[in-house]
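Q: would you be able to build a 3D model of this:
(chains A, B, C and D)
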4 protein chains.
Amino acid sequence: MTDFFKDISPLSYDPDGAGLAFRHYNPDEVVAGKRMEDHLRFAVAYWHSFAWPGGDPFGGQTFDRPWFGDTMDLARLKADVAFEMFDLLNVPFFCWHDADIRPEGDSFAESLRNFEEIVDYLMDKMESSKTKLLWGTANLFSHRRFMSGAATNPDPEIFAWSAATVKNCIDATHKMGGQNYVLWGGREGYETLLNTNLKRERQQAGRFLQMAVEYKHKIGFKGAILVEPKPQEPSKHQYDFDVATVYGFLKEFGLEGEVQMNIEQGHAILAGHSFEHELALASSLGIFGSIDMNRNDYQSGWDTDQFPNNVPEVALAYYEVLKAGGFTTGGTNFDAKLRRQSLDPVDLIAGHAGAMDVCARGFKAAAAMLEDGTLEEMRAERYAGWDSSDSTAMLNSDFASIAAQVEANGINPQPRSGRQEILENIVNRFV
Amino acid sequence: MTDFFKDISPLSYDPDGAGLAFRHYNPDEVVAGKRMEDHLRFAVAYWHSFAWPGGDPFGGQTFDRPWFGDTMDLARLKADVAFEMFDLLNVPFFCWHDADIRPEGDSFAESLRNFEEIVDYLMDKMESSKTKLLWGTANLFSHRRFMSGAATNPDPEIFAWSAATVKNCIDATHKMGGQNYVLWGGREGYETLLNTNLKRERQQAGRFLQMAVEYKHKIGFKGAILVEPKPQEPSKHQYDFDVATVYGFLKEFGLEGEVQMNIEQGHAILAGHSFEHELALASSLGIFGSIDMNRNDYQSGWDTDQFPNNVPEVALAYYEVLKAGGFTTGGTNFDAKLRRQSLDPVDLIAGHAGAMDVCARGFKAAAAMLEDGTLEEMRAERYAGWDSSDSTAMLNSDFASIAAQVEANGINPQPRSGRQEILENIVNRFV
Amino acid sequence: MTDFFKDISPLSYDPDGAGLAFRHYNPDEVVAGKRMEDHLRFAVAYWHSFAWPGGDPFGGQTFDRPWFGDTMDLARLKADVAFEMFDLLNVPFFCWHDADIRPEGDSFAESLRNFEEIVDYLMDKMESSKTKLLWGTANLFSHRRFMSGAATNPDPEIFAWSAATVKNCIDATHKMGGQNYVLWGGREGYETLLNTNLKRERQQAGRFLQMAVEYKHKIGFKGAILVEPKPQEPSKHQYDFDVATVYGFLKEFGLEGEVQMNIEQGHAILAGHSFEHELALASSLGIFGSIDMNRNDYQSGWDTDQFPNNVPEVALAYYEVLKAGGFTTGGTNFDAKLRRQSLDPVDLIAGHAGAMDVCARGFKAAAAMLEDGTLEEMRAERYAGWDSSDSTAMLNSDFASIAAQVEANGINPQPRSGRQEILENIVNRFV
Amino acid sequence: MTDFFKDISPLSYDPDGAGLAFRHYNPDEVVAGKRMEDHLRFAVAYWHSFAWPGGDPFGGQTFDRPWFGDTMDLARLKADVAFEMFDLLNVPFFCWHDADIRPEGDSFAESLRNFEEIVDYLMDKMESSKTKLLWGTANLFSHRRFMSGAATNPDPEIFAWSAATVKNCIDATHKMGGQNYVLWGGREGYETLLNTNLKRERQQAGRFLQMAVEYKHKIGFKGAILVEPKPQEPSKHQYDFDVATVYGFLKEFGLEGEVQMNIEQGHAILAGHSFEHELALASSLGIFGSIDMNRNDYQSGWDTDQFPNNVPEVALAYYEVLKAGGFTTGGTNFDAKLRRQSLDPVDLIAGHAGAMDVCARGFKAAAAMLEDGTLEEMRAERYAGWDSSDSTAMLNSDFASIAAQVEANGINPQPRSGRQEILENIVNRFV
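A: Alright, predicted model coming up:
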């Protein structure tokens, strides 16, 4: 045991507890037919909690962690602390980028050796822990070689480097029993159209994603391939702008049956959508996969990656997740980081514990709303006119026939109340 | 002749002119192999210039036009003044919604009679005018019956009403020799997900668009069917969010070869894109059609529909239009309105004339940049590495082969300058 | 009795009630030493609920109210329905603009006669109702004469018209026993700097506000004069941008002891602030007055004026109100309107009832947090270093002395955790 | 000579030049009665050009500069290269933060020794260069000790450290003949109100600024003290939000005659204003000082600090500068950085040269507009009604008198066109 979390004991469910306890998250409580742990499938993000130094564009490192540095020993220490936190929080999953878990080497080969060694080390730790891998991913954006993109780079050598990296990360994810593999293309976009061949770059990206899918099948990886949309930042424009954009991209490259979405609240907000919109859209298109549950400041224009803390908003998100049938391979990943002033180990625990409770409250409210059924009844009633055979016939007819009927019948359709306030009041009974 | 524009004479090209003259727009000047008029294909929007009363969310009518009112006589007076303005400005095109040109009747049939009568009146006027119809469209958003959408309405009767309306508007566009038919779905979206069946509404919208395409073919209309994306306003969310979204929608409903984009600068901005991004993307996807050239305040969150007045921005837009091969059926529609304090007839002329000059300057700069060739040479050079047969082979291979090569060859790709400032300086030589 | 609200009965407090009841708002419940009704001081806004037709920039009237029109009889019918709603909701206050309650006349004098007659009519109704006037205000933005501003208009006649109007509105507010008089300058700003004399317009605005204060004292009106900040919309820029801006303005014109703030949630959001920021800042500057409690879509750029429905956000707002000592003359005005699709009378009741419950929940949570004290203890502890006499001495010294001490003492200050997540978790225990 | 800029020769004015030359900026050309160099007073920002490594929130260093590192030798090499660039560009000024020019030491005393040694080194270099110091400033935001603010920190020791630092920076600015001293409070604000004593922090900030002014007078520094507003980033909220906010702050602490504004384009945009608004407002309040001329992406929510490249926008800014009487101690500082992909030394030169040309074009256009006089004539004409003695008398009267006159005279003021499009067309003749 490291002594990083010193006196902090494993958190338990204690509805009246003060301090470090779960007041709402009870993993074994059965809600909507399943244990909450099996519904929510919480995952800790290795990068924010263990690799991020606390910098922002106007200041450097604030966190003072004993494992910061570039050696394999420190990488192992980091892993030790990570699993101690997983145990304290009793989380069933974690997620990583290659760059989070291993030190960069002087060459591709050395980085790979470091990576494989750490993967083995993590697998050893997983033996004695309940925490599994929700997903792995490759960091193809932090190193300067990726400054102009990875798959979409003007330099084919960087495409090659990126392909080899993703291959190795899929291998490791597969080896570790990961349930999904995620691609987020933070620099798959552009800073200025003036130096960009948009068409070529999109085609490079399409071929790259096809290769990832082909490779998954080749090695027999049964997990899902997930794409995570984001509109911009760090790029001025990112090709995977939002769910609708990625859907068109998948259709263009014949991948709509192969790839699902990992949807992040903050990215939805930055794209001008609500989180629940992106979830509902992905579900309606059959490409819903997993979520990054965080919170974005609505008034910044950048990704603030805060722990979720607004129960009513979280409830509306889980309502869409439940309507989509819940998670299969996906889960609730906290792609959230401490505020850079939150220096203490206890802040790390409290940030996650608070978020898990907020999710639990939101989830239970969502399940109750769905069970109550009023919202869905009112929704169905609003569209009831479309259930008639006449309506179906109309959809199968043509403009000329419809126009003839409109003129013949002298219809004069009257608007009906959308009842938004009443629906919002109903939601407020549950949250 | 009405006396609305009183002493204002037709505007001519006078590069040193003060007052009401074109200082840059010379319709007969040949640029990039064609007359400017044939490149730019300017169109006046009937709605903003003749039907909008000057209201905003906090105030009512400011304009005092002799044709405001709901009679056929006033509709004819409006048409007379409109054609007088087209002549003063020497514009080759105009555009309308049904609701702009005819008074609403007490029934569908009466509205249609009014519409058909005015269409004939406009066709008479077109006989003695050079001004043709760029496109027609249906207003399916202003009347309260459309408050919950047109094609996507929960009430099938409103779907029917909308289908019949679009049928009649396509008929009229066809009859008037219009070169395109446009669909903008301002209320094809939602105010709240709580009362919305997203999946059903998108399917209604898809079927509606299919019907429009089927009807076009049925009657032999040779013009293009254009969809105009916008992310929100008046809806909280509009299904035709941006070009990428509509592309996915067209693929879903098998319409990508049948429908093109009418791209508006202000809508691009509201969706978080630059105008040139939307143009370049549509071009790269083979769905570029026409433009609404206006200007949006970057710092409002709503559609300000101002006349364009920033030459460097306009130049970058026409650069993409020229790279896309220029307009075929499309053109430059001014979907722009006077500020509501600009009460005088001369403001209407000055707004358009200034915009035409700004477009002419921007267009000539774009043509010169393209002829100069430096920008395209530098772009090509940046991607030159992809021209090798090795690169092509790599794209046709797989992750495992690429990874084997990366490890074998010990590559260490080095980033190269993106030269953004140098490229921007080159642009500034032309604008 | 009109039959507008037909079968709707007065709402009562029923914690387990479904349908139209208060589940959380119990006017007589004592919280933090006072009845909730006396704390919250709810007010209905006449304009949104009774005068707004449901239009938006892309569509016209959706509501179909029997009192819409421009006669005195209809104005009286509107007042009858308004008081019926006040009674159903049991609200202690309402608010008006002159233009909400009376039809515009053909001249200033006729408008004034209409106004005075309706004021008397309202006063008669107030005799038999518990509902009092929270504040009155003048609509100096809807009529086209105000298109370029009221006090800041380039035309001194419009300044005069505006001054006379405000004089009459203050008179009526005084006569009706109103507790405040509000000035919101929606068109006191500009569309373009190119036609604006910024300096002169600000001086006109300053003098106008001085005159309002002078007039209040002259007639012995004991209520507060409140300014309501908003950054933009309808103007491109409004001079009363936010609380900090208005504070500087009050200081410039010697009014900081005379004028307080009426702070609206949606306006705070549009200015880039949180609602609680504006409340805390006004309180710290000694100019907190009253609130407009609504909700703005964070993702629109315009004022959406929705009924509040997020309890955690509302709780943080009332926490600042309570820390500021609560309301004196101020209150909680719902400057919120139904969505334009919410056509039914019951929507109007449900919108208000839901909002009142949300406010009650937020308020009780705020009171509990304050009583609990943990948040304030942690805040005090964070600044405890400043309580020493050394710190006070330092503030009274100078840079040279401080620098000498820093060098002499070799201090090396260490950052301490800001504990944001822990504080947010504490809040989540109460909301 | 270092060989960093290798073959790049000093840039000269060559209106037809390709490549690295000034095509518009001619320092000796007399415009509006003064040499352009004396009007524009260009300054290079040491931090962006020499200290920034190219990082962003998702990636680290991209630039590979021979002077990166933490030794005094490298600090001197950096200074050598900086002055070589100043000479190549022929700029009259530069600006620094303490942290840009010296390595951080292990203690306050060591940092100070490093700083003083480098200040002497820079002064030696200034002996043989034309480039003077426009302003100095202290970096009180990058080091982790400032994570919770400098003057506004909860820890009085950090207030002391900050005071001592500013004292030393003012000393050095004075010694080097700097013409201004700037305070930008990037962390003088908060991340969450929950842990913040807003009132106390603002008072700490006020006292700190008073001390800076007192110290300036004590040592006889004749330059201006400038505050640079910014609304947020890195803080969630920054106390110096915008010009209007700072004006109120100066009034509160009795500093409005002592402190002026350093206004940055990007910060104006982030606060929801146009750059020209902030300039016009500062001028009208008598607190205009200097500018940071850069460009912000309107569609990011963060500070992009790009080199200016839109001539029409720059022209409107200099129009306000000229109307304010031009710069006295202030100047045009390029608080702009290369895009992080612009790796080459030539990019650094091209970025600045292009910006200087854009400013020169904008400035000449502004001077021509002012000389032409049409804009000012039209503005004066719009307010002409206020020149009468009746209008002055009205401003000196009261509401009751004005109301009496309005009723007696039966005035019916009519709106007049604001002529925005015509004014914009006039501007477009010059830009």
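
Q: so which residues of the stretch 251-400 of chain A form strands?
A: A:259-264, A:288-292, A:332-334 (DSSP state E, counting those that start in this stretch).

Q: can you tell me if the longest one touches chain D.
A: Spelled out, that is strand A:259-264. No - taking C-beta under 8 Å from any C-beta of the partner chain as the criterion, strand A:259-264 and chain D are apart, separated by no less than 13.9 Å. Using the backbone N, CA and C atoms, a C-beta is placed for each residue, glycine as well.

Q: middle-most residue in chain A, spatially?
A: Chain A has residue A:292 as the residue nearest its centroid, 2.8 Å off, counting by C-alpha atoms, centre = their mean.

Q: ok, now which ones touch that one?
A: Contacts for residue A:292 (C-beta atoms under 8 Å, 6 or more residues apart in numbering or on different chains) come out as A:45, A:228, A:262-267, A:333-335.

Q: of those, which is the nearest to residue A:352?
A: Minimum distance to residue A:352 across the contacts of residue A:292 is 6.4 Å, recorded for residue A:334 (C-beta to C-beta).

Q: how many neighbours does the closest one have?
A: 26 (other C-beta atoms under 10 Å in any protein chain shown).

Q: mind listing what it touches?
A: Contacts of residue A:334 (C-beta under 8 Å, 6+ apart): A:42-45, A:48, A:292-294, A:307-308, A:352, A:355.

Q: one more time with 7 Å
A: A:43-45, A:293-294, A:307, A:352, A:355 (C-beta atoms under 7 Å, 6 or more residues apart in numbering or on different chains).

Q: any idea how far chain B is from residue A:253?
A: Computed as C-beta to the nearest C-beta, to the nearest Å, the residue A:253 to chain B distance reads 11 Å.

Q: looking at it, that residue is touching residue A:208, isn't it?
A: No - using C-beta atoms under 7 Å, residue A:253 is not in contact with residue A:208, being 9.7 Å away.

Q: residues contacting residue A:83?
A: A:125, A:129, A:131.

Q: got JSON lines for these, with distance to residue B:199, neighbour count and pLDDT too?
A: Below are these laid out as JSON lines (distance: C-beta to C-beta, whole Å; neighbours: other C-beta atoms under 10 Å in any protein chain shown; pLDDT from 0 to 100):
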{"residue": "A:125", "distance to residue B:199": "43", "neighbour count": "17", "pLDDT": "98"}
{"residue": "A:129", "distance to residue B:199": "40", "neighbour count": "16", "pLDDT": "97"}
{"residue": "A:131", "distance to residue B:199": "36", "neighbour count": "22", "pLDDT": "98"}
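
Q: and the residue lying closest to residue A:109 once chain neighbours are set aside, how many neighbours?
A: Excluding the flanking residues, the one nearest residue A:109 by C-beta to C-beta, 6 or more residues apart in numbering or on different chains is residue B:407, at 5.8 Å. Residue B:407 is flanked by 15 other residues according to other C-beta under 10 Å.

Q: hang on, residue B:407 in a helix?
A: Yes - under DSSP: H, G, I helix; E, B strand; the rest coil, residue B:407 falls within a helix.

Q: on that earlier part again, reformat the strands of the stretch 251-400 of chain A as CSV; add mean pLDDT.
A: As requested, the strands of the stretch 251-400 of chain A are exported to CSV (pLDDT from 0 to 100):
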stretch, mean pLDDT
strand A:259-264, 98
strand A:288-292, 98
strand A:332-334, 98
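
Q: and residue D:318, which of these is closest to it?
A: Between residue D:318 and the strands of the stretch 251-400 of chain A, the shortest gap by C-beta to C-beta is with strand A:259-264, which sits at 42.6 Å.

Q: which other residues reach the closest one?
A: A:182, A:209, A:213, A:224-229, A:243, A:246, A:250, A:278-279, A:282, A:287-292, A:294, A:335.

Q: what do you get for stretch A:195-205?
A: Stretch A:195-205 has contacts (C-beta under 7 Å, 6+ apart) with A:151-152, A:159, A:185, A:188, A:190, A:239, B:280-281, B:284, B:379, B:382-383, B:418-420, B:423.

Q: how about stretch A:155-172?
A: Residues outside stretch A:155-172 that contact it (C-beta under 7 Å, 6+ apart): A:98, A:108, A:112, A:115, A:119, A:136-138, A:140, A:145-146, A:150-151, A:153, A:181, A:204, A:208, A:211-212, A:215-216, A:219, A:221, B:385-386, B:391, B:394, B:399-400, B:402-403, B:405-406, B:411, B:413.

Q: of those residues, which belong to helices?
A: Residues of the contacts of stretch A:155-172 located in helices (DSSP state H): A:98, A:108, A:112, A:115, A:119, A:204, A:208, A:211-212, A:215-216, A:219, B:391, B:394, B:399-400, B:402-403, B:405-406.

Q: just the buried subset of those residues, written out for ChimeraX, thanks.
A: In ChimeraX syntax, the buried subset of the ones in helices among the contacts of stretch A:155-172 is picked out as below (16 or more other C-beta atoms under 10 Å in any protein chain shown):
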select /A:98,108,112,115,119,204,208,211,212,215,216 /B:391,394,399,400,402,403,405,406
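
Q: can you list the domains in chain A?
A: A:30-372, A:385-430 (automatic domain parsing).

Q: most tightly packed of those domains?
A: For those, average neighbour numbers computed from mean count of other C-beta atoms under 10 Å in any protein chain shown are highest in domain A:30-372, which has a mean of 21.

Q: ok now do the residue in the stretch 301-431 of chain A positioned nearest to chain D, which residues does it touch?
A: Here the stretch 301-431 of chain A gets closest to chain D at one residue, residue A:301, 0.9 Å apart by C-beta to the nearest C-beta. The contact partners of residue A:301, by C-beta under 7 Å, 6+ apart, come to D:300-302.

Q: repeat that for residue A:314.
A: With contacts defined as C-beta under 7 Å, 6+ apart, residue A:314 is in contact with A:308, A:358-359, A:362.

Q: at 10 Å instead, please
A: Counting by C-beta atoms under 10 Å, 6 or more residues apart in numbering or on different chains, residue A:314 touches A:265, A:275, A:293, A:295, A:308, A:332, A:355, A:358-363, A:365-366, A:431.

Q: list just the nearest of the residues you listed to residue B:71.
A: Scanning the contacts of residue A:314 for proximity to residue B:71, where the rule is C-beta to C-beta, the winner is residue A:275, at 49.9 Å.

Q: surely the closest one meets residue A:313?
A: Yes - contact criterion C-beta atoms under 10 Å: residue A:275 and residue A:313 qualify, at 7.2 Å.
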